[in-house]
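1. sequence? don't have it. structure:
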Ligand SMILES: Cc1cc2nc3c(=O)[nH]c(=O)nc-3n(C[C@H](O)[C@H](O)[C@H](O)COP(=O)(O)O)c2cc1C
Ligand SMILES: [Mn+2]
């Protein structure tokens, strides 16, 4: 059964002993982020901060900081995730509108709304303020009426004011431009603390016009239940912890940033659209969900990884049937692909295709005997199966919308491919193998009690 909401997922993590409660008081300024940083760096548990200084609401953090938790959210193993995601996205489920839902147990409208009551963390030392980083922003296209749902960061500007970043190519950015062309306001609803599949579904690169909430329904195998918002003409996931409703006025901009971004660097401040908040609804005793962004690897990266990898995999597989797996580590500037080549230099065609599809900085292709999630093994293949002179390809001057700080000219990069496959059809030294390693028990298991009988 798919998880109904964040609470059910936390309860599941409790069963797995993968959620740590922090009973000691923590500060929203840096301290929550520091804890999430540490757990992210050590593949540690999800965190539930029970006592936040100056606030009466708990904060969940680092929920998606490990791939194991993302896979638990999707209720599948690594080997099954591609099929699951492809099936889910190809079979979107229409939403189920219900008349009332837990996210509206408490309703606050107009001047009574005070977002400063939410324990929104300040993450990195140069950040310009508190940022909501795990809000699913729901909006409708002013031209087509099509719904969009994705995570965009929101800077707290005042009790009823938020700055919003949606880079131009992102769908909210396009909708804002379309509303501005018509001199219209754009309504938005922000759902914080959603069921975990929904968070992952928003990271699937759905084409413009495809509602990510229906993709979440496809992935869950049951429709996402939504309720009508109170002050805007939108629907939001019924089981969210907190919902913020508001409007973006055309042409209004205010400085936002700097912010410690997913590249691991700060992005400078520049003017961004503003959301004027019209209502906040929430559950009884809501949990605020924070997600860390910064140096890889954080939950920002993990949330994007699986949907991106699956999407590249299924596109490549159509052209190159020998593709085994695609891994997009860290900030998404590079990828590792494993494959069984069916012709000479096929790996190089894969590199060229991938550099054209969106991974612009570096693509490494290895044989299908390499575990691409083990980067040490990948580097072993690179250093023992490739010769830089022949096997490194460099494509100068590719268009690249990423925030890569090393770009000399904004939006332009060069791309590198490393063909680390053994030469096709030729003999190559055999890899050393020790039989029976799989049969040795898990030596890290505490259940062994210090002795293998
Ligand atoms: C934690 C987190 C924070 C994100 N913040 C932003 C953001 O501030 N602005 C943005 O444009 N995309 C952000 N993204 C990426 C978008 O959510 C993602 O690219 C999404 O697929 C875009 O959907 P769209 O194609 O409907 O625009 C974030 C992703 C995650 C996981
Ligand atoms: Mn979209």
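-> The structure has been received and is ready for your questions. None of these values were measured; they are calculated from a predicted model. Ligands and ions are numbered 1, 2, ... in the order given.

2. who in the stretch 201-350 of the chain is up against ligand 2?
-> Taking Cβ under 5 Å from the ion, the part of the stretch 201-350 of the chain that reaches ligand 2 is made up of residue 206. C-beta coordinates here come from the backbone N, C-alpha and C atoms, glycine included.

3. now do the stretch 1-150 of the chain
-> Residues of the stretch 1-150 of the chain lying near ligand 2 (Cβ under 5 Å from the ion): residue 148.

4. the closest residue to ligand 2 within the stretch 1-150 of the chain is in what secondary structure piece?
-> As assessed by Cβ to the ion, ligand 2 sits closest to residue 148 within the stretch 1-150 of the chain, at 4.4 Å. According to DSSP states H and E, residue 148 maps onto strand 147-151.

5. can you tell me the closest non-neighbouring residue to residue 405?
-> If the residues on either side of it in the chain are set aside, residue 405 comes closest to residue 265, at 4.9 Å by Cβ to Cβ, 6 or more residues apart in numbering.

6. list the buried residues of the helix or strand following the strand holding residue 148.
-> Following strand 147-151 in sequence order, the next helix or strand is strand 154-158 (DSSP H and E). Neighbour-count burial for strand 154-158, with 16 or more other Cβ atoms under 10 Å as criterion, is recorded at 154, 155, 156, 157.

7. need those residues in a markdown table (columns: pLDDT).
-> Formatted as a markdown table, the buried residues of strand 154-158 follow (pLDDT from 0 to 100):
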| residue | pLDDT |
| --- | --- |
| 154 | 98 |
| 155 | 98 |
| 156 | 98 |
| 157 | 98 |
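
8. restrict those to contacts with ligand 2.
-> Restricting these to those near ligand 2 - Cβ under 5 Å from the ion - leaves none.

9. how near is residue 95 to residue 321?
-> 36 Å (Cβ to Cβ, to the nearest Å).

10. do residue 297 as well
-> For residue 297, the distance to residue 321 - Cβ to Cβ - is 31 Å.

11. more neighbours, those two?
-> residue 297 (19 against 10; other Cβ atoms under 10 Å).

12. please, where are all the helices along the stretch 301-450 of the chain?
-> 346-357, 375-385, 388-391 (DSSP state H, counting those that start in this stretch).

13. which other residues reach the shortest one?
-> The set of residues that contact helix 388-391 without belonging to it, under Cβ atoms under 8 Å, 6 or more residues apart in numbering, is 418, 419, 420.

14. so who does the residue of the stretch 1-150 of the chain closest to ligand 2 touch?
-> Per Cβ under 8 Å, 6+ apart, neighbours of residue 148: 138, 139, 140, 141, 171, 172, 175, 208, 211, 212.

15. and those, which of them are buried?
-> Applying 16+ other Cβ under 10 Å to these flags 138, 139, 140, 141, 171, 172, 175, 211, 212 as buried.

16. tell me the one of the residues you listed nearest ligand 1?
-> residue 171 (3.4 Å; Cβ to the nearest ligand atom).

17. you'd agree that closest one is up against residue 208?
-> Yes - in this structure residue 171 lies within contact range of residue 208 using Cβ atoms under 8 Å: 5.6 Å.

18. wait, residue 232 sits on residue 190?
-> No - between residue 232 and residue 190 there is no contact under Cβ under 8 Å: 10.7 Å.

19. got any residues that touch both of these two?
-> Contacts common to residue 232 and residue 190, judged by Cβ under 8 Å, 6+ apart, are 245, 246.

20. and those two? Which one has more around it.
-> Using other Cβ under 10 Å as the criterion, residue 232 and residue 190 rank with residue 190 on top: 26 against 21.

21. so what's that one bridging to?
-> residue 137, residue 244 (DSSP bridges).

22. how near is it to residue 274?
-> Using Cβ to Cβ, residue 190 is found at 14 Å from residue 274.

23. repeat that for residue 99.
-> For residue 99, the distance to residue 274 - Cβ to Cβ - is 32 Å.

24. tell me which of the two has more neighbours.
-> Neighbours were counted for residue 99 and for residue 274 using other Cβ under 10 Å; residue 274 has more, 21 against 7.

25. skipping adjacent residues, who's closest to the closest residue to ligand 2 within the stretch 151-300 of the chain in space?
-> Going by Cβ to the ion, ligand 2 is nearest to residue 171 of the stretch 151-300 of the chain, at 3.7 Å. What sits nearest to residue 171 in space, not counting adjacent residues and going by Cβ to Cβ, 6+ apart, is residue 148, at 4.5 Å.

26. so that neighbour bridges to which residues?
-> Applying DSSP bridges, one finds that residue 148 bridges with residue 139.

27. start at 53, not 1
-> In the new count, where the first residue is 53, that last one comes out as residue 200.
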